[in-house]
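*Asks:* Using only what follows, build the 3D model:
(chains A and B)
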Amino acid sequence: MQSNAALEYDYTVAKLFTYTAILFGLIGMLIGTLIASQMAFPELNYLFGEYGTFSRLRPLHTNVVIFGFTVSGVFATFYYLGQRVLKVSMAESKFLMFIGKLQFVLYVILALGMVVSLLMGYSTSKEYAQMEWPLDLLTVVVWVLWGISIFGLIGIRREKSLYISLWYYIACFLGVAMLYLFNNMEVPTYLASGGLGSIMHSVSMYSGTNDALVQWWWGHNAVAFVFTVPIVAMIYYFLPKESGQAIYSYKLSLLSFWGLMFVYLWAGSHHLLYSTVPDWMQTMGSVFSVVLILPSWGSAINMLLTMKGEWNQLTENPLIKFMVLASTFYMLSTLEGPIQAIKSVNAIAHFTDWIPGHVHDGVLGWVAFMIMSGLFHMAPRMYKREIYSKKLMEAQFWIQTTAVVLYFTSMWIAGITQGMMWRAVDEYGNLMYSFIDTVAVLHPYYAIRALAGVLYVTGFVMFAYNMIKTMSSSRELTEEPQFRSPMA
Amino acid sequence: MFHWLEKNPFFFAVGVFIVIAFAGLIEILPNFAEASRPIAGLKPYTVLELAGKNVYKKDTCIACHSQLIRPFKSETDRYGQVSLSGEYAYDRPFLWGSKRTGPDLHRVGNYRTTDWHENHMWDPKSVVPQSIMPAYKHMFTNIADIETAYAEAVTVKNIFATPYGDEIKGTKEAWEAYKPKVLEEAKLIAADMKNQDVKDAVAKGEIPEIVAIIAYLNRLK
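*Replies:* Numbering: from 1, shown residues only, chains lettered A, B, ... in the order given. Down below sits the predicted model:
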């Protein structure tokens, strides 16, 4: 991984995806904060007529943060580090450069189509797969173009051995391709009925229980292959690069990678405990979820041990702070998930606010932290300028960390309160609370969560500002920094 | 072996794919045929109910409401009989949801009425004072897309052999001939409602979304 002075890498495509990551991150998190506030203060549902209700905005929030922010971050980091670990520049191949730019253009069209169609209510109502079939087809094209970029770059590589990060990007590409295709198998009703009705409507190839199984095989593993696998790819590159430390253990990274690949896919059915899915599948989901702690913690511990003997960097470099906290939140989240997948715990936790709580300690604390650190690390190297402000980055770190802690603690309390109240019975065995009692009691926690959202978005605005300043008006660098990113 | 794989991207990718595809084959496929069987006596959704289901999807009701009653006494006491796999045989997609910000709706048709839904969708607080659900007044003016619902019925009949009658066919003429039937069904719902605009619209031959979604919710039993 030593830098190769002779080779000038071309960051055109990486820069483009960096812009969309910042833009969609901002939009997605703003919508998230709005809908969190709507749960505490329902009057906020009426800001934009029918387009502003919680129910219309919620899929928009999830889709924009997943397919807008996170996936942009994945593409941006890949187009940056893919070249570097393969020791080949995008500029060396006109074809790959064209593919990269084409992918970006189609991706932006797709993202706009997604935002508009979801706002208008075109939705398949399958979570994280709400886009209707024409957009699904475009997604496939964008994804295939990315595949061409990955394997194209690999094809012309100088470094023969694939670095760990690339294993994870390849897995992300293959996993999402498989899951997305199978989960979105749908029949357009316009075509199947001889031209009746709306073109933007389809029915799922699977029904009822089968649809549920396929959906959560996707839903859970979208978390695996979008929120985990490419993010692990990032930390395996950016942490050693920023800290100047070699990865602690190659064997541990092997175990974690192949373990994660094998185990993750089994765990999807833990979303369907006590449903009409056969018992043995539910049990498999539970058991494999607990096994999943091993490969997840394997990666995280490998990262933490990479910092062995260098913990002083934590006080000197806020970027190291972001990445170390990210792997810590990854550990928290991957311990919490298996706990929720234990059947008796799930009986209380399922359908409650503990679930969004769990999701957000992962996505806010791990995914977004890691993407922001990656982009921060890339900025001085792509724009040849130092990072605009260290102070701002420090402040952002503490504001966002506070936000994440407020978010998950309030949702833990809310979720467990809710779960316990739903099942509480009096001395005669009658239900103690009407449903609305269990809603009303949650108001303070919803308010705290909304505050957490406001704080996190504030931090993200600081990040965006810091990045834009770095790109435009920060002090120029004469040579590329070897490890630690220079910051003012 | 691993070192070799890392130098041979093709075989590496194949290896990864086999490892990740494995679980799907073993865990998902075996139950497919069995789980798609309907329970005895299950009727497919009427075209109006399908239109209502599409409104349910359009406004993402599953963001807050589940349709899955789990096998616990606290749930069967609150919502009714435990949900069975065969009851969902005609649900494409399934609408179990993953969050209960509001109550489960799988058997809401057993204990709520057209009148209740009308009041509740217009202003949830008028029925449940502490409710945090938004009002869905736009459903009273938006016209439901019945033709698309009909197209859906044609699609599931032709492709998945859902048992609809012979009058459901994929031609313009068949749709024109079928339209009055949907309107008849809508009139029955509108007769139980008090909103004059909705009644007028149905009398004119247009079906507001609220009528369709109430037909769907009443069907959930």
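*Asks:* close to chain B, is the helix or strand that A:L213 is a member of?
*Replies:* Using DSSP states H and E, A:L213 falls within helix A:208-227. Yes: Helix A:208-227 reaches chain B (CB under 8 Å from any CB of the partner chain) through A:208-215, A:217. No exception for glycine: its C-beta is placed from N, CA and C like everyone else's.
*Asks:* Remind me what that helix packs against, helices and strands.
*Replies:* helix A:164-183, helix A:250-264, helix A:354-362, helix B:9-27, helix B:32-35 (3 or more CB pairs under 8 Å, 6 or more residues apart in numbering or on different chains; DSSP states H and E).
*Asks:* 6 Å instead, please
*Replies:* helix A:164-183, helix B:32-35 (3 or more CB pairs under 6 Å, 6 or more residues apart in numbering or on different chains; DSSP states H and E).
*Asks:* buried stuff in the longest one?
*Replies:* Put plainly, it is helix A:164-183. Neighbour counts using 16 or more other CB atoms under 10 Å in any protein chain shown place A:164-180, A:182-183 of helix A:164-183 among the buried residues.
*Asks:* Likewise for the last one?
*Replies:* By neighbour count on 16+ other CB under 10 Å, the buried set for helix B:32-35 is B:A35.
*Asks:* Now do the residue nearest to B:V202 when sequence neighbours are not counted against B:M1, distance only.
*Replies:* Computed as CB to CB, 6 or more residues apart in numbering or on different chains, the closest residue to B:V202 that is not its neighbour in sequence is B:A190, at 4.2 Å. Using CB to CB, to the nearest Å, B:A190 is found at 70 Å from B:M1.
*Asks:* swap in B:M193?
*Replies:* Distance, B:M193 to B:M1, by CB to CB: 69 Å.
*Asks:* Can you name the residue of chain A nearest chain B?
*Replies:* Closest to chain B within chain A is A:G208: 2.8 Å, counting by CB to the nearest CB.
*Asks:* For the residue nearest to that residue when sequence neighbours are not counted, grab the count of nearby residues.
*Replies:* Nearest non-adjacent residue to A:G208, counting by CB to CB, 6+ apart: B:Y88, 2.8 Å away. Neighbour count for B:Y88, taken as other CB atoms under 10 Å in any protein chain shown: 29.
*Asks:* and if you look at A:L162?
*Replies:* With other CB under 10 Å as criterion, A:L162 counts 20.
*Asks:* That one: what secondary structure?
*Replies:* What DSSP: H, G, I helix; E, B strand; the rest coil gives for A:L162 is coil.
*Asks:* Is it correct that it is in contact with B:L5?
*Replies:* No: contact between A:L162 and B:L5 fails when scored by CB atoms under 6 Å: they sit 8.5 Å apart.
*Asks:* gap between the lowest-mean-pLDDT helix or strand in chain B and the chain center?
*Replies:* Counting by mean pLDDT, DSSP states H and E, chain B has its least confident helix or strand at helix B:32-35, which shows a mean of 72. Relative to its chain's centre, helix B:32-35 lies at 20 Å (CA atoms, centre = their mean, to the nearest Å).
*Asks:* tell me which strands and helices the following helix or strand past it is in contact with?
*Replies:* Downstream of helix B:32-35, the first helix or strand assigned by DSSP H and E is helix B:47-58. Based on contacts counted as 3+ CB pairs under 6 Å, 6+ apart, the elements that helix B:47-58 packs against are helix B:146-160, helix B:172-191, helix B:209-219.
*Asks:* I'd like the distance from helix B:47-58 to the chain centre, please.
*Replies:* 6 Å.
*Asks:* got the contact list for the residue of chain B found nearest chain A?
*Replies:* Chain B approaches chain A most closely through B:Y88 (2.8 Å), counting by CB to the nearest CB. The neighbours of B:Y88, taking CB atoms under 6 Å, 6 or more residues apart in numbering or on different chains as the test, are A:208-209, B:94.
*Asks:* pLDDT score assigned to A:V223?
*Replies:* With respect to pLDDT, A:V223 has a value of 84.
*Asks:* How about A:G365?
*Replies:* 96.
*Asks:* Quick check: it is in a helix.
*Replies:* Yes: membership of A:G365 in a helix is supported by three-state DSSP.
*Asks:* what about A:M281, distance to B:I39?
*Replies:* Here A:M281 is placed at a distance of 20 Å from B:I39 (CB to CB).
*Asks:* For these two, work out which one has more neighbours and name it.
*Replies:* Neighbour comparison, A:M281 and B:I39: the larger count goes to A:M281, with 22 against 11 (by other CB under 10 Å).
*Asks:* Can you check the pLDDT for that one?
*Replies:* According to the prediction, A:M281 has pLDDT 90.
*Asks:* May I have the distance across stretch A:82-96, first residue to last?
*Replies:* 12 Å (CA to CA, to the nearest Å).
*Asks:* So for that stretch, what gets flagged as buried?
*Replies:* A:82-90, A:92-93, A:96.
*Asks:* can you list the residues that contact it?
*Replies:* Counting by CB under 6 Å, 6+ apart, A:4, A:7, A:9-10, A:97, A:152-153, A:156-159, A:163 sit against stretch A:82-96.
*Asks:* Same check on stretch A:302-311?
*Replies:* Stretch A:302-311 is contacted from outside by A:235, A:239, A:245, A:247-249, A:252-253, A:327, using CB under 6 Å, 6+ apart.
*Asks:* let's see 8 Å
*Replies:* A:235-236, A:239-240, A:243-249, A:252-253, A:256, A:313-314, A:320, A:323-324, A:327-328 (CB atoms under 8 Å, 6 or more residues apart in numbering or on different chains).
*Asks:* what do you get for stretch A:364-376?
*Replies:* Residues contacting stretch A:364-376 (CB under 8 Å, 6+ apart): A:18, A:21-22, A:25, A:69-70, A:73, A:76-77, A:80, A:227, A:231, A:234-235, A:238, A:242, A:319, A:322-323, A:325-330, A:332-333, A:387, A:393, A:400-401, A:403-404, A:407, A:456, A:460, A:463, A:466-467, A:485.
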